[in-house]
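*Asks:* got a predicted structure here, sequence first:
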Amino acid sequence: MCGRFALTATPEEIEAMFALLDVVAFPPRYNIAPTQPILMVLAGERQEPGANRPDRRSLLVRWGFIPAWAKDTKTFPLLINARAETAIEKAAFRNAMRHRRALLPASGFYEWRRNGKERPQPYWVRPKHGGIVAFAALMEMYAEPGGSEIDTGAILTTAANGDIAHIHDRMPVVIQPEDFSRWLDCRTQEPRDVIDLMRPAQADFFEAIPVSDLVNKVANTGPDLQRRVEPVTAPREPAKKAPAADQLTLF
């Protein structure tokens, strides 16, 4: 599962990696949480074979996928992730898998290791050699009953590789730069044609750094969230009933 991530690269770095003519301006963000705006890259309207530069666009979407057919968003579950193994078949994601595959730029993501009665230990999981990583994502535009429209999205996840499995059994699907065009091409590449891209990242791609529980609170947004700490081994405190709006209930 991916329930928090960060994007601290500059717009210029995003433009260069994803071959964008321009990108939506954004500040460094160290603790991106569900329902917040997230940056996605999609294929543009004109896909000309043999063009020197791919036609791609960036946009901000709400992190929390809403299928076009959803009736009541207040009771509809918050879909922040889609399982790669079943997204092609699931009614919620089937249409987006065919028509609106996207890339989500990130500097890394957070995951929590849970071990019996010990407190959950957060980890900052980033590419071992730094830089930007592209997660496979899905985008859907939802038309609200009042007539307004909202762009929404979810991150595709798959089984964790050996670098992450000791922390959690799921991880985001990583799309390599050489596969960007094929993943985004929803005109000639059907979902069955890109199944091979929805696999765990290669071994040694990520490193997992233990960090403090400051990341647990959405209000904490500074770079200190990614500072290495000694893993905690203290017993977990008795669970308290969290408010309905508490994002920690998503984990």
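*Replies:* Alright, I've got the coordinates.
*Asks:* past the helix or strand hosting S181, which element shows up next along the chain?
*Replies:* S181 belongs to helix 180-184 when assigned by DSSP states H and E. Remark: after helix 180-184, the chain's next helix or strand is strand 206-210, criterion DSSP H and E.
*Asks:* that next one - what's its average pLDDT?
*Replies:* When pLDDT is averaged over strand 206-210, the result is 97.
*Asks:* and it, what other elements does it pack with?
*Replies:* strand 121-127 (3 or more CB pairs under 8 Å, 6 or more residues apart in numbering; DSSP states H and E). Where C-beta positions appear, they are placed from N, C-alpha and C, glycine not excepted.
*Asks:* taking strand 206-210 as reference, get the angle to the helix or strand just after the strand it packs on.
*Replies:* Taking DSSP H and E as the definition, the helix or strand that follows strand 121-127 towards the C-terminus is strand 133-143. What separates the directions of strand 133-143 and strand 206-210 is an angle of 80 degrees, with axes from the mean of the first three to the mean of the last three CA atoms, to 10 degrees.
*Asks:* quick one: strands adjacent to the helix or strand following strand 133-143?
*Replies:* Tracing the chain past strand 133-143, the next element assigned as helix or strand by DSSP H and E is strand 149-159. For strand 149-159, the paired strands and their directions (DSSP bridges) are strand 56-63 (parallel), strand 81-83 (parallel), strand 133-143 (antiparallel), strand 170-172 (antiparallel).
*Asks:* neighbouring contacts of the helix holding S181?
*Replies:* 18-19, 41-43, 54, 56, 101-103, 134, 136, 175, 189, 193-194, 197 (CB atoms under 8 Å, 6 or more residues apart in numbering).
*Asks:* how far out from the middle of the chain is that helix?
*Replies:* 17 Å (CA atoms, centre = their mean, to the nearest Å).
*Asks:* measure L156 to C186 for me?
*Replies:* As for L156, its distance to C186 is 14 Å (criterion: CB to CB, to the nearest Å).
*Asks:* what about the two, which has more around it?
*Replies:* Counting neighbours by other CB atoms under 10 Å for L156 and for C186 shows that L156 has the greater number, 26 against 19.
*Asks:* contacting residues for the more buried one?
*Replies:* Applying CB under 8 Å, 6+ apart to L156 gives the contacts 81-84, 87, 135-138, 172-173, 198.
*Asks:* could you do G131 as well?
*Replies:* Going by CB under 8 Å, 6+ apart, the list of residues near G131 reads 9, 17.
*Asks:* for it, give me phi and psi.
*Replies:* As for G131, its main-chain torsions (degrees, to the nearest 10) stand at phi 90, psi -160.
*Asks:* can you tell me how far it is from T10?
*Replies:* Separation of G131 from T10 (CB to CB): 12 Å.
*Asks:* stretch 191-205: end-to-end distance?
*Replies:* Distance across stretch 191-205, first residue to last, is 25 Å (CA to CA, to the nearest Å).
*Asks:* buried set for stretch 25-43?
*Replies:* Counting neighbours by 16 or more other CB atoms under 10 Å, one finds that the buried residues in stretch 25-43 are 26, 29-34, 37-43.
*Asks:* please tell me how far the residue nearest the centre of the chain sits from R53.
*Replies:* With distances taken as CA atoms, centre = their mean, I155 lies nearest the centre of the chain, 4.0 Å away. In this structure, I155 lies at 26 Å from R53, with CB to CB as the measure.
*Asks:* make CSV out of the contacts of L156 and add neighbour count.
*Replies:* Output for those, formatted as CSV (neighbours: other CB atoms under 10 Å):
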residue, neighbour count
N81, 22
A82, 24
R83, 16
A84, 22
A87, 24
F135, 22
A136, 25
A137, 30
L138, 26
P172, 30
V173, 24
M198, 21
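*Asks:* just the residues you listed now: which is nearest P231?
*Replies:* The nearest member of those to P231, counting by CB to CB, is P172 at 22.2 Å.
*Asks:* the nearest residue to P11 once chain neighbours are set aside: how many residues sit nearby?
*Replies:* The shortest distance from P11 to any residue that is not its chain neighbour, by CB to CB, 6 or more residues apart in numbering, is 4.7 Å, and that residue is V23. For V23, the count of nearby residues is 21 (other CB under 10 Å).
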